[in-house]
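**Q** how would this look folded up:
(one chain, ligands or ions: 1)
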Amino acid sequence: MIIVKLGGSVICNKDKPFSFNGSVVKQIAHEIASFYPERKFLLVHGGGSFGHPLAKKYGIREGLNKENINGISKTHQAMLELNKKIVGIFVDDGLPAFSVSPSSIFIINKGQIVDGWIKAIEELLARNFIPVLFGDVVIAKDKGIDILSGDQIISYLANKMMPEKVIFLMDVDGIYDKNPKIYKDARLIEVIDKKIMLHGEAAKFDVTGGIKNKVEEALKISCPIYFINGGIKGNLTKAIKGERVGTRKE
Ligand code: IP8
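**A** Modelled structure (predicted):
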């Protein structure tokens with residue numbers, strides 16, 4: 001089984017609320033279709049411009065309160081809307097994508113999953129479905145409600161389900177030693193490991209918390225990982241085949 005993360009910046013235009021890059025998602029579905037059903041897939045997508053602006057507007061990170069309870073429902077609805085668009089594209093391409101709402105199966109505490117019911121995911125995979133999860137608003141023991149990111153879901157599932165590999169689709173070519181959107185001399189790191197994070201170039205990261213968090217979460221995963229540009233046709237195919245592309249963790 002291969003886990004593919006459809007990063008929010010790949011499936012949406014981050015600067016435009018409720019924008020959806022349908023053509024990129026179609027391309028991703030198309031590449032996955034050429035490996036299915038011989039290979040099994042589990043997809044997780046980010047919040048992009050559906051979840052993040054609302055999560056900010058309603059102060060969800062501060063937890064549940066009387067003022068934001070309706071906004072929390074609205075944020076979950078926005079995620080369901082984005083999920084429906086993605087699942088719809090896969091289904092139209094003939095793939096049995098199947099939505100699984102993380103808020104129905106995970107409970108977190110202090111930002112970590114403490115309760116997860118993954119039986120349904122395993123049973124869907126056993127029946128050749130392609131489960132599609134997403135970053136979501138979930139029940140939190142400490143704050144009432146909190147955000148659970150797609151990356152956290154992936155590291156949890158990867159350690160429980162031992163996938164063959166995890167592929168992160170991003171809007172840049174992989175992990176760089178500096179933010180490539182700011183620094184022209186940023187260098188792509190071809191192979192990343194824990195040593196690099198602690199002692200090497202990546203320790204000097206000058207990038208958003210998003211990437212730092214992504215790399216930290218990813219390094220908790222023991223199987224091979226790819227970070228690739230999801231907007232470039234053929235990249236996903238290369239990563240599935242195990243060819244050299246983007247940044248790898250072996
Ligand atoms: O984009 C965030 O998921 P992520 C989900 O994977 C929400 O961090 C609701 C903002």
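**Q** quick one: the helix or strand encompassing residue 103 to chain centroid distance?
**A** Element membership for residue 103, per DSSP states H and E: helix 102-105. What separates the centre of helix 102-105 from the centre of its chain is 15 Å, taken as C-alpha atoms, centre = their mean, to the nearest Å.
**Q** quick one: contacts of it?
**A** 76, 116-118, 120-121, 133-139, 148, 153 (C-beta atoms under 8 Å, 6 or more residues apart in numbering). (Glycine included, C-beta is placed from N, CA and C.)
**Q** Over to stretch 111-126?
**A** So stretch 111-126 is contacted by 1, 40, 42, 98, 100, 105-108, 131, 133, 141, 146, 148, 152-153, 156-157, 160-161 (C-beta under 8 Å, 6+ apart).
**Q** burial measure for residue 71, as a count.
**A** Using other C-beta atoms under 10 Å, residue 71 is surrounded by 17 other residues.
**Q** Pretty sure it sits in a helix.
**A** Yes - checked against DSSP: H, G, I helix; E, B strand; the rest coil, residue 71 lies within a helix.
**Q** My guess is residue 185 contacts residue 178. True?
**A** Yes - Residue 185 lies in contact with residue 178 (C-beta atoms under 8 Å); the separation is 7.5 Å.
**Q** So between the two, which is more surrounded?
**A** residue 178 (17 against 8).
**Q** How is that one assigned, secondary-structure-wise?
**A** coil.
**Q** try residue 13
**A** Residue 13 ends up coil, using three-state DSSP.
**Q** Contacts only, for the residue nearest to it when sequence neighbours are not counted.
**A** Nearest residue to residue 13, sequence neighbours excluded (C-beta to C-beta, 6 or more residues apart in numbering): residue 19, at 4.1 Å. By C-beta under 8 Å, 6+ apart, the contact set of residue 19 is 12-13, 49.
**Q** what do you get for residue 26?
**A** 89, 93.
**Q** Are we agreed that it is in a strand?
**A** No - counting by three-state DSSP, residue 26 is located in no strand; its state is helix.
**Q** returning to that earlier point: can I get the helix holding residue 103 in CSV, CA atoms only?
**A** Extracted in CSV, the C-alpha atoms of helix 102-105 (Å, rounded to 0.1, in the frame of the first residue of the first chain):
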residue,chain,number,x,y,z
PRO,A,102,-11.0,11.8,10.3
SER,A,103,-13.2,13.5,12.9
SER,A,104,-15.2,10.3,13.1
ILE,A,105,-12.3,8.0,13.8
